[in-house]
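Novice: quick one: sequence plus predicted model below, questions after.
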Amino acid sequence: MAGCTRHISIQKGQTFPQLQRCTKCCNNFHCPFCMVSVFKPSRQDKLKLHLKIHSKKAVVHGDFNCHRCGLGCRPSLHFHCVYCSTTIIRKNDFKNHLLVCKHKLHSESAKKKVSSSSTAVTAPSIINTQSIINTTGTVPAFMYTLSTTSTDVTALGIKDGPSTTSTDVTALGIKDGPSTTSTDFTALGIKDGPSTTSTDVTALGIKNGPSTTSTDVTALGIKDGPSTTSTDVTALGIKDGPSTTSTDVTALGIKDGPSTTITDITALGIKDGPSTTTIDVTALGIKDGSSPATSTGKIRVRPVIKKICPMCNILINKTNLQKHIERKHSDQSELDIGDTFQLTSECIDETNGIFTVLKLVKGHSVPLHVQYKTMGENQRILCESNECQVNIDIAQRSGITSYQCVHISAASFCKSSAEPVSLQEEVLTAIVREKLFSEKKKKECLVLQQLANSSLVPLSVHTSIGVSTSKMFISVFEPSVSSYSRLGRVMVVYNTQLNTWHCPCTKVRRSCLHKYVAKWHLFQTHRELLSTDGSQHNTPHSEEEGVTDDIHLYPPKGLGLEYMVNYILQIKKIPAVLPEDMRIPSARKDYPRNLCPIETLCQGCPGEVPLGDPMLITQNAKILTNWCIFEDVATYCKQCPLCGMFYRYQEWKDGLHNFNDHIILDIPLCLTFRNLLQVHTSVSRAVEYLQLMTGVEFPPPDTMLHAYLQFEALIDHEYKYSCPSCGDHPPVVILGVHKPSNFHLSENDIKEPPENFKGEVNLEKFWEALSKEMICRGLVENVGQNPFAVPPNYHFWAPWIGKNTRQSDTVLNTEFEKVRASKSASEVLEMTVTEDSLSEELFKQKDDVVRGLCNECGVDSTGSRSDILLRLAGEMKSRQTCEKIYSKIWRCSGGWGVIMCPCGIVYSLKCNLRAASPRDFADLLLSWQHMPNVMIYDFAQSLATHTNRRAPKKLPISPFGGLLVEPTQAHIELAKCGQLKVSLPWLDEKMEMTDPHGHPVTGSSDHYVLHESNSEDGTDALRKLTLVPQLAGKVTREVAERLFAKMKKNNYFMSLSSAHLFLMRNIVHHYNENKANNASAGLRKSSGSNLLTDAYGQAVLENPGGSRSADDVIKDSILSSLMDLSSA
């Protein structure tokens, strides 16, 4: 910036511009470096304080102070460069810029000197003086001998050798002229002048003068002065003097040898003076020895390498990136468990090694139980968290046998114990006297206390490790093992502020024995917390909640329509994973206003057949977005002149999805619909919201739904329906039915199947037909004209089973047998539904349906709805009335049959046209490649009987018809008493000697059908899930109930149609993917390794032997996420 005025923010030294009182806008003083919006004009003393802050933050460069500028040159505060017009925001970046810019300026100055010099030299070149002759080799050298010169190199130095060394100059040329010549080097050059000449090197040069000359090197130069001069090198320089001078090089210095040394210069050019001195320089360190030296080095200014932070997208030095991520983006709560840090824990039962441990590092959470017993008999290490158990299973499968979850690790470092409390019966009597609970509950509490004493375990323990000060945590003994008490204890929570109780064994505001014991405990130890007026249950709080004439043939019909739909489905697929910039809504996106197909040649005709000219479809199309509607968009199509096939605009890379050439959705809007459906918001409600937000009218909700379904039909989804933990073939599954209240379809609405139909349907063809129906809806005026429509029917209606899970593309669907079956309604009723389920369904019916049932059953239909329902519920005890209600409500409606793994991932989905029955699940299980070893179903006996009846020669459900043991009277009595346990060790570890046709994961060919109910009727007692230690407390139907609770929230917009069948498969697919992706991401973060799948689709770590990162312990993620699966 020579000759240019410096910016006002660049001041020399500690000076400031003259401060003057404002006479234009105010009577105060303005900051010379800031706008009014940055620093409000104020008194002079305040301004001086402000300027001191400027001085502290200023960048000192030579004689200048570069202050931070706030004058609005750019939106953010910044610095102005001393040498150029560049502005830099970050202080470190500005300092680096000054160094580079200064070097560039000096280089330019050197070039200008070369252009004006009397001697033009191109490097490498050497001009020998009269007194110097090179006799050591073919490479010319410049020799400068000085009898007593001593040269020192400290950095990148030059080693000093004997007097016979030759000098070589290979890079940066050296000019050597007579005593009256002034030599100039352009790049790292060497200037040589006579004894009376003062030589100057601007860029990496070396100056040498006579004994009376003081030589100065500014940048990487060499100074040479007289015998009495102290020579200094500032930057990569070389100082040289006569016989009595000690030469010192501080940066890239050079060591000088004896008087006869011949010096080699390859880089960092040297300016030479008299003929009696020799200097040796190589590039960045030169060795001088008895043989000629060779140089290959280069001098360059290393640029500052910067990278973008993947978390916050700021530009930062590469060397600082890792530290930045650790400081700003790492979870400070995720630390290694050890002596210095662990989750808070407390021992509550030293005899059995039971501990309570905080579930999370930060935030409020209910403590959980951990058993860590490593001494004595019955040694056991177990965490009751389901996620931790899944993590341990995957870690062991990956070869990490010593893996422990964060809670177990915390228990191993526990140093505190809870004080035991012996609950007194007198206190319990006082509670009953004050009517906190009844005499009956008192007896139950005493019985539980006796059982705890006989088992040598404490009845109740108050743990003080909870973070919340308003909650009391009481660990209560529970004799039976279940999903909420895997270690024989339950954590009861009392909220002192809300006066509410929570126990995992029951719902909110419902009493249980554990709550009574906890009240007993607190009444004895913290009596002041409990009110004595019996009002603790009174507070209902919860702790959990225009077409031109040329286009008259478009859209095509018949075969032309079929060809067009097939082409769009096969060629115009949208990738399942879209670019990030395409996924995020933005009001600044600019979409094209003329949408024309990109095809130029017909894709169906042989050879290269060019398409006709674009034909206008309409000029009034609309592009719908999250923010607004773009109108007056023109859409075009093209037609092949040979085959007549039409091509329309369908380019997802533009961020658009063309529904029907008149309505075009941008992809972020489609993704908005997808995400809203995941949180149970229908497309119609989403459209209503968009209209309220934008103030413009959108197309009808049905049209928007069809547009969204067409978008999903074009997405290249894999629909894996598989869990990363359980793999493609889960050994344990849960069967359940979700029955929407609006699935009403009478038997006459469905046609009979063909006579030769055997119940086999091609799954892939069926779902492809549904996709074609969704696509074709944008090419026809109404649904009735859609040739690909798939109405509900028996012979072409298929479930969905993952590709790797099913046996083949041909699956079973024998629902037509429900109509042809000769069983009476009572026989079907016994196999399909209980009285409680029927009562629950009755209460969902509308008033007219309920009153009609009253008339059919001879029940008085007068009075309120509640009165009528109570009368019908009472009459249901009559078998005849129950059959009528079943035939009217349950039998003539369908539902969703679901098979899922214990983690909650759905493996099979079936839309039933008739009431769900064991037949539907038999169809699904018999279509699997490997039938699970354990199936959990409410109607276990019916499923086992029906499945074996379907395959009498093979008997899929065996041994003992799916019972755990042989159905003898002795076994039944033991099961009823709770003294029977049946171990299935192959559930934990695969059998060494696998059975013929055994399951690939377990190796066993046994297949059991179990249930979770408390039924003790006959052989049902031998199907209890709690009889199997490997399953008790680990597998529960609550996983299915949670899914059905989510599905229930979608009932208001779902119906029994092909469109909603397609929509349900898509919703469940994204539900599965979200759970699996969240789990996999957490696993990769925790393990520091990629996630792979084995031959059976189960997740394993790519590098199980690798070291774990600092943040892997803590959520416990070696799989913690893997598995939020079961709890989400």
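Specialist: Here it is on my side, so go on.
Novice: contacts only, for A686.
Specialist: 672-673, 676, 704 (CB atoms under 8 Å, 6 or more residues apart in numbering). Where you see a C-beta, it was placed from the backbone N, CA and C, and this is true even at glycine.
Novice: just the buried residues of these.
Specialist: Neighbour counting by 16 or more other CB atoms under 10 Å classes 672-673, 704 among the contacts of A686 as buried.
Novice: between the contacts of A686, which is nearest V406?
Specialist: Nearest to V406 among the contacts of A686: L676, at 35.2 Å, using CB to CB.
Novice: for H1060, see how far away the nearest residue to the closest one once chain neighbours are set aside is.
Specialist: The shortest distance from L676 to any non-neighbouring residue, by CB to CB, 6 or more residues apart in numbering, is to A686 (5.0 Å). Between A686 and H1060 the distance is 16 Å, computed by CB to CB, to the nearest Å.
Novice: so where do the helices sit in the stretch 1-150 of the chain?
Specialist: Applying DSSP state H, counting those that start in this stretch to the stretch 1-150 of the chain gives helices spanning 44-57, 91-116.
Novice: just the buried residues of the last one, please?
Specialist: It refers to helix 91-116. 93-98, 101-103, 105-107, 110, 113-114.
Novice: and the shortest one, by the same measure?
Specialist: For helix 44-57, the neighbour count (16+ other CB under 10 Å) marks 47, 50-51, 54 as buried.
Novice: any regions of the stretch 701-850 of the chain where pLDDT drops low?
Specialist: 741-749, 820-846 (pLDDT under 70).
Novice: show me the helices in it, by range?
Specialist: Secondary structure of the stretch 701-850 of the chain (DSSP H, counting those that start in this stretch): helices at 701-714, 763-776, 816-820, 825-832, 835-842, 847-857.
Novice: right, and these - which one's nearest V421?
Specialist: Shortest distance between V421 and the helices of the stretch 701-850 of the chain, using CB to CB, is found for helix 835-842: 40.1 Å.
Novice: weakest of the helices of the stretch 1-150 of the chain in terms of mean pLDDT?
Specialist: Set side by side, those differ in mean pLDDT, and helix 91-116 is lowest with a mean of 80.
Novice: select the longest helix from the chain.
Specialist: helix 1058-1087 (DSSP state H).
Novice: ok now whichever helix or strand comes after that one, how far from the chain's centre?
Specialist: Toward the C-terminus, helix 1058-1087 is succeeded by strand 1091-1093 as the next helix or strand (DSSP states H and E). When C-alpha coordinates are averaged (CA atoms, centre = their mean, to the nearest Å), strand 1091-1093 and its chain have centres 16 Å apart.
Novice: what does strand 1091-1093 contact?
Specialist: Contacts of strand 1091-1093 (CB under 8 Å, 6+ apart): 724, 727, 1080, 1083-1084, 1099-1102.
Novice: just checking: what are the partner strands of that strand?
Specialist: If you go by DSSP bridges, strand 1091-1093 pairs up with strand 1099-1101 (antiparallel).
Novice: how far does the partner strand sit from the chain's center?
Specialist: For strand 1099-1101 - counting by CA atoms, centre = their mean - the centre lies 17 Å from the chain centre.
Novice: quick one: average confidence on the longest helix of the chain?
Specialist: Here the average pLDDT along helix 1058-1087 is 87.
Novice: buried set for it?
Specialist: The neighbour-count check on helix 1058-1087 (16+ other CB under 10 Å) flags 1058-1073, 1075-1076, 1078-1080, 1082-1087 as buried.
Novice: what does stretch 372-382 give?
Specialist: For stretch 372-382, the neighbour count (16+ other CB under 10 Å) marks 372-373, 381-382 as buried.
Novice: try stretch 634-652
Specialist: Those would be 634-640, 645-650, 652, for stretch 634-652 by 16+ other CB under 10 Å.
Novice: counting contacts, what elements does the helix or strand that Q396 is a member of pack onto?
Specialist: Assigned by DSSP H and E, Q396 falls within helix 386-397. When contacts are defined as 3 or more CB pairs under 8 Å, 6 or more residues apart in numbering; DSSP states H and E, helix 386-397 sits against helix 406-412, strand 1099-1101.
Novice: so that helix versus helix 1058-1087, what angle?
Specialist: Compare the direction of helix 386-397 with that of helix 1058-1087 by axes from the mean of the first three to the mean of the last three CA atoms, to 10 degrees and you get 70 degrees.
Novice: average pLDDT for helix 386-397?
Specialist: On average, helix 386-397 scores 85.
Novice: follow-up on the earlier one: export the buried residues of stretch 372-382 as TSV, with columns for pLDDT and distance to A1040.
Specialist: TSV is the format used below for the buried residues of stretch 372-382 (pLDDT from 0 to 100; distance: CB to CB, whole Å):
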residue	pLDDT	distance to A1040
Y372	91	32
K373	89	33
I381	89	30
L382	89	25
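Novice: partners of W896 in the sheet?
Specialist: Beta-bridge partners of W896, counted by DSSP bridges, are H738, C911.
Novice: that one: how many residues sit nearby?
Specialist: For W896, the neighbour count with other CB atoms under 10 Å is 24.
Novice: can you pull the contacts of it?
Specialist: Counting by CB under 8 Å, 6+ apart, W896 makes contact with 737-740, 909-912, 1047, 1064.
Novice: okay, now the unreliable bits of the stretch 51-200 of the chain?
Specialist: Filtered on pLDDT under 70, the stretch 51-200 of the chain yields the residue ranges 113-200.
Novice: one step back: so the longest helix of the chain versus helix 763-776, what angle?
Specialist: Using the same axes, to 10 degrees, helix 1058-1087 lies at 110 degrees relative to helix 763-776.
Novice: tell me the angle helix 1058-1087 makes with helix 701-714.
Specialist: 50 degrees.
Novice: can you name every helix or strand that helix 1058-1087 contacts?
Specialist: Packed next to helix 1058-1087, using 3+ CB pairs under 8 Å, 6+ apart, are helix 667-678, helix 701-714, helix 763-776, strand 906-912, strand 1091-1093, strand 1099-1101.
Novice: most neighbours, which of the contacts of W896?
Specialist: K910 (27 neighbours).
Novice: my guess is that residue contacts G897, does it?
Specialist: Yes - counting by CB atoms under 8 Å, G897 is a contact partner of K910 at 4.1 Å.
Novice: list the contacts for the closest residue in space to E688 that isn't next to it in sequence?
Specialist: Leaving aside its chain neighbours, E688 sits nearest to P701 (7.8 Å; criterion: CB to CB, 6+ apart). Shown in contact with P701 (CB under 8 Å, 6+ apart): 682-684, 687-688.
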